[in-house]
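A.B. asks: Pasting the sequence and the predicted model now:
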Amino acid sequence: MVFHRVLNILQYPPMSTIPPLPALRAFEAAVRLGGFARAAAELNVSTSAVSHQIRNLEETLGVRLLERSTGVGGIRLTSAGSDLLPSVSSALSLLEDACSQIKGVVRRLTVSANASFSTMWLARRLAEFSSSYPDTPLNAITQDGEPDIARHGIDLAIEHISERAVRPDDIVLFREEVFPVCSPELHAFASTAVCRCRLLQETHDDFPEIDWRNWSSEFGLPDDFETKIVRYSSFSQVIGAAVGGAGLALGRSALVDAELRSGRLVRVFPTLSRPASWCFVLRHGSTRRHRMLDTLIEFLRAEAAERCGV
């Protein structure tokens with residue numbers, strides 16, 4: 001059945017009009033990986049061989065597919081290349097899946113996110129997804145910052161980015177709210193004397209809502225309040241310390257939802273919160289689309305919508 005789908009994509013052209021498969025593979029790999037050298041490494045050939053294959057492909061089709069440059073990235077798709085790439089990528093992906101099935105190997109679905117999000121929100125949901133689709137092996141990796149989706153074989157990246165950096169093709173998973181939280185044991189004291197509490201803070205220069213200095217006016221913090229701040233490199237460390245009763249933290253929805261539902265954390269002031277200037281978005285590669293990618297995206301969006309009450 002998979003081979004029939006490949007033939008449908010190619011629309012049954014006369015065989016003489018189909019360029020050689022190595023040339024199509026070289027073209028797709030060069031675009032996906034962002035350069036001839038990376039494509040050559042993946043295909044286990046020389047860089048000049050990749051260049052030669054793509055040049056032959058362009059001569060066969062009679063159009064320019066790539067613009068070469070010496071700048072960052074090295075290549076850029078032409079209009080004709082942009083038209084050709086989706087069909088080539090889809091056909092190669094179907095062929096890869098078909099060959100994997102015959103060999104008894106199932107392609108993994110690889111998902112990346114930063115460490116805090118992976119631990120506090122994503123890991124449990126990926127396990128639930130796997131229970132519903134046991135024939136789809138999942139590979140969850142943690143990467144802080146913007147991942148190289150093509151180079152690391154990532155099918156879906158969940159990225160924590162500034163609202164200013166959201167692109168038109170991004171899928172916004174959810175936007176955050178920030179609010180003070182603490183352990184139940186500390187709540188009675190904290191709600192009346194924030195200025196006397198130990199303050200727990202994630203180090204993040206570009207995320208002003210999680211900096212206690214930007215909340216000082218709400219709580220009348222003294223001039224020397226920064227001596228009470230304990231700084232951590234990750235949000236999961238902050239929340240771990242808060243659950244243990246070490247002090248007050250600035251919680252981020254939806255990452256602290258599970259701790260709030262379980263009662264391990266409480267909001268210090270139930271109605272006090274600020275919208276965050278960062279959000280979580282879904283990004284995926286433009287080529288070699290995994291057959292279960294759309295199913296996973298819809299699953300994660302449904303989970304996010306459920307917590308947001310929409």
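C.D. replies: Perfect, thanks for sending it.
A.B. asks: Assess the claim that Glu96 and Arg108 are in contact.
C.D. replies: No - contact criterion C-beta atoms under 8 Å: Glu96 and Arg108 do not qualify, at 12.0 Å. C-beta coordinates here come from the backbone N, C-alpha and C atoms, glycine included.
A.B. asks: what's around the nearest residue to Asn214 once chain neighbours are set aside, how many residues?
C.D. replies: The shortest distance from Asn214 to any non-neighbouring residue, by C-beta to C-beta, 6 or more residues apart in numbering, is to Pro208 (5.2 Å). Counted by other C-beta atoms under 10 Å, the residues lying close to Pro208 total 15.
A.B. asks: go on, Arg267?
C.D. replies: Per other C-beta under 10 Å, the neighbour tally for Arg267 reads 17.
A.B. asks: contact partners of the helix or strand containing Asp294?
C.D. replies: Following DSSP states H and E, one finds Asp294 within helix 293-308. Contacts of helix 293-308 with the rest of the structure, by C-beta atoms under 8 Å, 6 or more residues apart in numbering, involve 109, 111, 125, 129, 132-133, 155-156, 158, 171, 173-174, 253-254, 257, 282, 284.
A.B. asks: Tell me how far the nearest residue to Leu282 once chain neighbours are set aside lies from Lys228.
C.D. replies: Using C-beta to C-beta, 6+ apart and skipping the chain neighbours, the partner closest in space to Leu282 is Ile171 (4.1 Å). Noted for Ile171: a distance of 40 Å to Lys228, by C-beta to C-beta, to the nearest Å.
A.B. asks: And Val268, by the same measure?
C.D. replies: Using C-beta to C-beta, Val268 is found at 15 Å from Lys228.
A.B. asks: And these two? Which one has more around it.
C.D. replies: Val268 (21 against 17).
A.B. asks: Now for Arg289: which residues touch it?
C.D. replies: Taking C-beta under 8 Å, 6+ apart, we find Arg289 in contact with 89-90, 93, 155.
A.B. asks: Just among the residues you listed, which is most surrounded?
C.D. replies: Neighbour counts for the contacts of Arg289 peak at Asp155, which has 22 neighbours (criterion: other C-beta under 10 Å).
A.B. asks: what secondary structure does the residue nearest to it when sequence neighbours are not counted sit in?
C.D. replies: Computed as C-beta to C-beta, 6+ apart, the closest residue to Asp155 that is not its neighbour in sequence is His290, at 4.5 Å. Secondary structure, DSSP: H, G, I helix; E, B strand; the rest coil: His290 is coil.
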